[in-house]
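S.K.: generate a structure from the sequence data that follows.
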Amino acid sequence: MKTSDFRIGWRLLLQERAYSAVTILGLALGFTACFLLMAYVRFSFSYDSHVPQADRVYVAKNRINILEHGGWFDNTPINLLAVAEASPLVEAAAVALPGSSTLSQNGTLSTIEILLASPALPKVLGLRALEGDLAAALERPEGIALTESKARQLLGAARGVLGKTITMEGKQYQVLAILPDPPAASTLHYALLAGTSSQLVPKNMRKSLDKNDSSNWGGIISRLYVRLAPGATPQALQRLLQEAHDHSPLIATLPPDVLQRLNGRKVSDIALTALRDWYFDPELASNSSSAKHGDARLVLGVAAIGALILLLAAINYVNLATVRVMRRRAEIAMRKVLGASHARVAAMLMAESLLASMLAAGCGLLLAWLLLPGWAQLLNRPLATVMGPGAVLAALAVGLFTGVLAGLHPAWLALRVRPVQALAARGGQETYGTTWLRRGVTVFQMTCAMALVASTLAVAWQTRYASSANPGFDAQPLLVLELPSLMWQGQAPRQMRDALLRVPGVEGVAASPSPAGRYYLGLNNPVRTSTGVSATLQQRSVSPSFFQVYGVAPLAGRSFDPQREQENNDDVVVLNAAAAKVLGFASPQAAVGQSVALESRGSEVRPVVIGVVPDLRYQSLRETPAPVLYRNNLHASVLTVRYHGDMADLERAVDALWRQYFPDTIPEMRRAASYFAENYDDDARLAAMLAAGSAMALLLSAFGIYVLAAYNVQRRAREIVLRKLYGARRGAVARLLGKEFAWMLGCAALLGLPPAALAIQRYLSEFAERAPVGHWTLLAALGAVLAVALGATIRHTLAALRMSPALALRS
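M.R.: Next up is the predicted model:
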């Protein structure tokens with residue numbers, strides 16, 4: 001191709017401004033959708049890529065097999081740190097505990113994201129201080145390291161602030177190091193880094209962070225990172241960690257019946273995952289208790305949708321370019337007569353295609369850049385970092401490649417133009433094979449649109465159903481208060497609870513270890529009935545008023561009674577229905593009055609089951625309700641208030657009381673229903689991406705159908721008017737034109753709906769409880785595409801009905 005080819009192409013685009021605008025805009029929309037979706041894909045696959053020699057860094061995970069609903073967790077016993085540190089297979093090992101704290105500055109409170117880490121974490125993850133002594137920050141109890149942006153926000157500068165102090169939850173901390181901000185695509189986020197011996201660690205947690213305390217083998221409090229020594233294999237280290245756990249003191253404390261119930265399985269499975277694969281670990285992604293993980297299949301599916309939308313837009317461009325080539329047959333023939341070679345003709349068409357594609361890619365990049373902030377907010381991902389020079393060059397390369405592919409078919413048609421026939425105004429129709437190719441790509445567009453719409457409707461419906469599913473109680477009158485981690489075992493929580501009970505409209509206050517709707521692993525210990533049946537149950541310590549506040553009536557027996565049960569009463573327990581079933585009781589009524597054996601503060605107790613309550617929803621609908629044993633205890637980190645009246649009034653009263661009893665912390669209160677919707681944030685984002693893809697696919701499909709309808713009317717003009725002359729009525733002509741799109745719609749349904757049904761079933765299979773989706777989503781998708789086809793063809797159908805026989809036959 002020569003520069004003159006592009007100049008000619010530019011002049012032709014300017015001569016036909018309407019055609020050029022439609023062509024470039026349609027292709028630009030495809031590029032925009034593709035670029036936005038690919039920004040999410042690129043961000044997802046870049047997690048932890050910033051870590052030096054990340055191929056040698058691994059993270060430990062843990063599966064507790066004695067749990068009735070066991071799964072993989074991203075935390076492991078703290079004792080494994082000592083095992084890893086002593087192994088020659090490990091160059092460095094460290095644990096990390098993410099969390100948050102309340103910062104006090106100039107009388108204003110704010111929340112700061114913190115990360116508690118053992119001293120070797122910088123070596124494991126390649127962290128380097130921009131200024132100061134990072135080792136001292138992790139070793140001294142009052143020492144901290146701030147990120148560059150947080151230091152600038154809090155102290156006014158990112159340099160020269162070493163030695164300055166900040167106040168968190170009533171204590172002073174000294175800035176000893178400044179760190180670079182962690183990348184957005186990182187599985188560890190923090191604004192402040194401190195050591196595991198820091199004052200930030202609550203007193204009740206300090207014993208749990210002792211890696212040499214044998215009683216911690218039963219905990220899974222920390223996330224273990226290891227950097228392998230050169231030549232070491234993760235398999236060898238995994239065997240070492242597994243063996244250490246298999247011979248830990250924990251195993252000796254388990255009753256023989258619990259070990260027998262494992263049927264040869266280990267008490268816990270310890271495994272290692274490469275840091276680069278950590279975000280996409282499928283075993284952790286399926287467990288709602290783990291930190292946020294991505295689904296590689298989902299992200300690849302998003303990439304496929306982005307490529308598909310661009311392909312649909314390119315198909316529309318090819319259709320328009322093909323029609324334009326047919327109209328320019330005389331011009332192309334004249335060029336050949338004047339000596340233009342096949343190569344020159346093809347180069348001219350390819351240059352025009354490349355020019356249109358690059359202009360569309362540039363417009364698509366601009367639109368994507370303008371829409372990126374809103375798109376990032378919708379997906380809750382910081383995607384701004386993705387739009388760098390490399391991404392721009394990649395997008396332009398995609399535009400170049402698309403232009404080449406899109407120009408091949410129009411160039412091939414131009415090469416087939418015969419000058420004699422073209423100049424004699426004969427043979428102006430496409431070949432039989434080309435006509436069927438055009439029909440085929442239109443069917444493909446309709447198929448894609450139909451499948452995407454059906455999938456979108458199913459995901460959105462299941463997300464809506466799950467978000468509003470009955471949790472086993474009425475969440476509307478409940479307000480949840482999450483108490484500060486440093487203070488929930490003192491007197492302030494009790495004083496706060498008593499003060500809340502005096503607020504007009506408050507009907508009760510309950511204490512519990514976690515909010516309903518948020519996964520809580522908690523204590524999981526063996527429980528044995530008098531008949532010898534044993535099961536590992538989740539133990540939840542709740543206040544005597546818990547079931548009254550939540551409005552939960554027992555299925556059998558009674559629940560805790562504030563007038564009868566005292567604090568830390570080990571004489572009675574309450575089971576949920578799942579626990580009664582797993583313990584072998586024939587019915588809830590059969591469990592009432594039976595004694596069970598369990599461990600309490602180092603000794604065995606035998607409380608009596610006073611009642612069985614329904615299964616409350618503590619997790620998402622992806623898991624079946626866990627078996628739970630409720631114990632009576634006023635010490636808890638969460639208060640739930642039942643209120644009769646306007647919840648806004650209660651929130652104002654709680655805010656005033658919070659400032660009185662916890663003046664150094666920010667009030668953490670939420671309405672109970674919000675926890676359940678939070679479990680499906682990722683599903684809501686998936687539905688949003690599918691909706692955007694579906695809308696674009698429908699738009700591009702409508703565009704393709706419109707072009708095909710226009711071509712059909714033009715191609716069959718003589719046939720239509722001859723039918724009219726021979727007496728055909730308007731309805732017969734309309735059916736003639738509609739028949740072609742009817743069979744195309746049928747083919748699209750046969751091709752698109754079965755894969756959509758399989759995709760929907762696969763998505764719903766992840767849920768233990770599913771919405772009654774049925775087949776309505778498939779029918780709705782078929783109806784949507786049918787409506788689009790009718791809308792896209794009606795103009796040309798009406799034009800055909802009004803067509804003048806004289807003009808049609810003369811042309």
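S.K.: what's the local residue count around Ala136?
M.R.: Per other C-beta atoms under 10 Å, the neighbour tally for Ala136 reads 16. (Each C-beta comes from the backbone N, C-alpha and C, glycine too.)
S.K.: now the helix or strand hosting it: mean pLDDT?
M.R.: Assigned by DSSP states H and E, Ala136 belongs to helix 134-139. The pLDDT scores in helix 134-139 average 94.
S.K.: need the longest helix for the protein.
M.R.: In the chain, taking DSSP state H as the definition, the longest helix is helix 342-379.
S.K.: output stretch 191-208 in PDB with nothing but the alpha carbons.
M.R.: C-alpha atoms of stretch 191-208 as PDB (Å, rounded to 0.1, in the frame of the first residue of the first chain):
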ATOM      1  CA  ALA A 191      -2.100   2.000  54.100                       C
ATOM      2  CA  LEU A 192      -0.200   1.200  57.300                       C
ATOM      3  CA  LEU A 193       2.200  -1.700  58.100                       C
ATOM      4  CA  ALA A 194       3.000  -2.800  61.600                       C
ATOM      5  CA  GLY A 195       4.500  -5.900  63.300                       C
ATOM      6  CA  THR A 196       2.600  -8.700  64.900                       C
ATOM      7  CA  SER A 197       4.100  -7.500  68.200                       C
ATOM      8  CA  SER A 198       2.500  -4.100  67.700                       C
ATOM      9  CA  GLN A 199       0.300  -2.300  70.200                       C
ATOM     10  CA  LEU A 200      -2.400  -2.600  67.500                       C
ATOM     11  CA  VAL A 201      -2.800  -6.300  68.300                       C
ATOM     12  CA  PRO A 202      -5.700  -6.700  70.800                       C
ATOM     13  CA  LYS A 203      -4.700  -8.300  74.100                       C
ATOM     14  CA  ASN A 204      -7.000 -11.300  73.500                       C
ATOM     15  CA  MET A 205      -5.200 -12.000  70.200                       C
ATOM     16  CA  ARG A 206      -1.600 -11.800  71.400                       C
ATOM     17  CA  LYS A 207      -1.500 -15.400  72.600                       C
ATOM     18  CA  SER A 208      -3.000 -16.500  69.300                       C
END
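S.K.: buried ones in that stretch?
M.R.: Within stretch 191-208, the residues that count as buried by 16 or more other C-beta atoms under 10 Å are 191-202, 208.
S.K.: contacts for stretch 554-572, please.
M.R.: For stretch 554-572, the external contacting residues (C-beta atoms under 8 Å, 6 or more residues apart in numbering) are 542-548, 552-553, 574, 577, 587-589, 591-593, 600, 605, 607-614, 630-634.
S.K.: which parts of it are buried?
M.R.: Neighbour-count burial for stretch 554-572 flags 554-560, 565, 572 (criterion: 16+ other C-beta under 10 Å).
S.K.: equivalent analysis for stretch 91-98, please.
M.R.: Buried residues in stretch 91-98, counted by 16+ other C-beta under 10 Å: 91-97.
S.K.: could those be laid out in CSV, adding secondary structure?
M.R.: Putting these into CSV (DSSP: H, G, I helix; E, B strand; the rest coil) gives the following:
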residue, secondary structure
Glu91, strand
Ala92, strand
Ala93, strand
Ala94, strand
Val95, strand
Ala96, strand
Leu97, strand
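S.K.: which among these gets closest to Leu121?
M.R.: Leu121 has its nearest neighbour among the buried residues of stretch 91-98 in Ala94, at 3.8 Å by C-beta to C-beta.
S.K.: now that closest one, which residues is it bridged with?
M.R.: Beta bridges link Ala94 to Tyr225 when assigned by DSSP bridges.
S.K.: what do you get for the one 4 residues further on?
M.R.: Applying DSSP bridges to Pro98 yields these beta-bridge partners: Leu115.
S.K.: wait, it touches Leu121, no?
M.R.: No - judged on C-beta atoms under 8 Å, Pro98 makes no contact with Leu121 at a distance of 12.0 Å.
S.K.: His293: what secondary structure?
M.R.: coil.
S.K.: mind listing the helices for the stretch 651-800 of the chain?
M.R.: Using DSSP state H, counting those that start in this stretch, the helices of the stretch 651-800 of the chain run over residues 673-678, 681-715, 717-725, 730-764, 776-801.
S.K.: same question for the stretch 501-650 of the chain.
M.R.: For the stretch 501-650 of the chain, the helices defined by DSSP H, counting those that start in this stretch occupy 546-550, 577-582, 588-591, 647-661.
S.K.: which strands or helices does the third one pack on?
M.R.: Applying 3 or more C-beta pairs under 8 Å, 6 or more residues apart in numbering; DSSP states H and E, one finds that helix 588-591 makes contact with strand 556-557, helix 577-582, strand 608-613.
S.K.: which residues are contacting it?
M.R.: Contacts of helix 588-591 (C-beta under 8 Å, 6+ apart): 555-557, 575, 577, 580, 583, 585, 609, 612.
S.K.: which one of the residues you listed has the most neighbours?
M.R.: Leu575 (30 neighbours).
S.K.: residue contacts, it?
M.R.: Contact analysis of Leu575 by C-beta under 8 Å, 6+ apart lists 537, 583, 591, 609, 611-613, 627-630.
S.K.: and the residues you listed, which is closest to Thr76?
M.R.: Minimum distance to Thr76 across the contacts of Leu575 is 22.0 Å, recorded for Leu537 (C-beta to C-beta).
S.K.: so what's that closest one up against?
M.R.: By C-beta under 8 Å, 6+ apart, the contact list for Leu537 reads 68, 524-527, 575, 579, 582-583, 627-629.
S.K.: domains of this structure?
M.R.: 1-42+295-428, 54-278, 442-469+681-811, 478-678 (automatic domain parsing).
S.K.: how about those in TSV, adding distance to Thr435?
M.R.: Formatted as TSV, these follow (distance: least, C-beta to C-beta, whole Å):
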stretch	distance to Thr435
domain 1-42+295-428	10
domain 54-278	48
domain 442-469+681-811	8
domain 478-678	49
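S.K.: where among those is average confidence lowest?
M.R.: Lowest mean pLDDT of the domains of the chain: domain 1-42+295-428, a mean of 79.
S.K.: tell me who's in contact with the residue most central in space within the chain.
M.R.: The centroid of the chain falls nearest to Asp682 when counting by C-alpha atoms, centre = their mean (3.3 Å). Shown in contact with Asp682 (C-beta under 8 Å, 6+ apart): Lys292.
S.K.: circling back to that earlier point, turn the helices of the stretch 501-650 of the chain into TSV, columns for distance to Asp246.
M.R.: Listed next are the helices of the stretch 501-650 of the chain as TSV, based on distance: least, C-beta to C-beta, whole Å:
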stretch	distance to Asp246
helix 546-550	38
helix 577-582	25
helix 588-591	34
helix 647-661	46
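S.K.: among those helices, which is nearest Leu29?
M.R.: Closest to Leu29 of the helices of the stretch 501-650 of the chain is helix 647-661 (C-beta to C-beta; 43.1 Å).
S.K.: which parts of that closest one are buried?
M.R.: Residues of helix 647-661 classed as buried: 647, 650-651, 653-654, 657-658, 661 (neighbour count, 16+ other C-beta under 10 Å).
S.K.: so the closest residue to Pro122 other than its chain neighbours versus Pro183, what's the distance?
M.R.: Take Pro122 and drop its neighbours on the chain: the residue closest to it by C-beta to C-beta, 6 or more residues apart in numbering is Leu134, 5.5 Å away. Counting by C-beta to C-beta, to the nearest Å, the gap from Leu134 to Pro183 is 18 Å.
S.K.: the nearest residue to Val542 once chain neighbours are set aside and Leu97, how far apart?
M.R.: Nearest in space to Val542, with sequence neighbours left out and distances taken as C-beta to C-beta, 6+ apart, is Ser512 at 4.8 Å. Ser512 sits at a distance of 22 Å from Leu97 (criterion: C-beta to C-beta).
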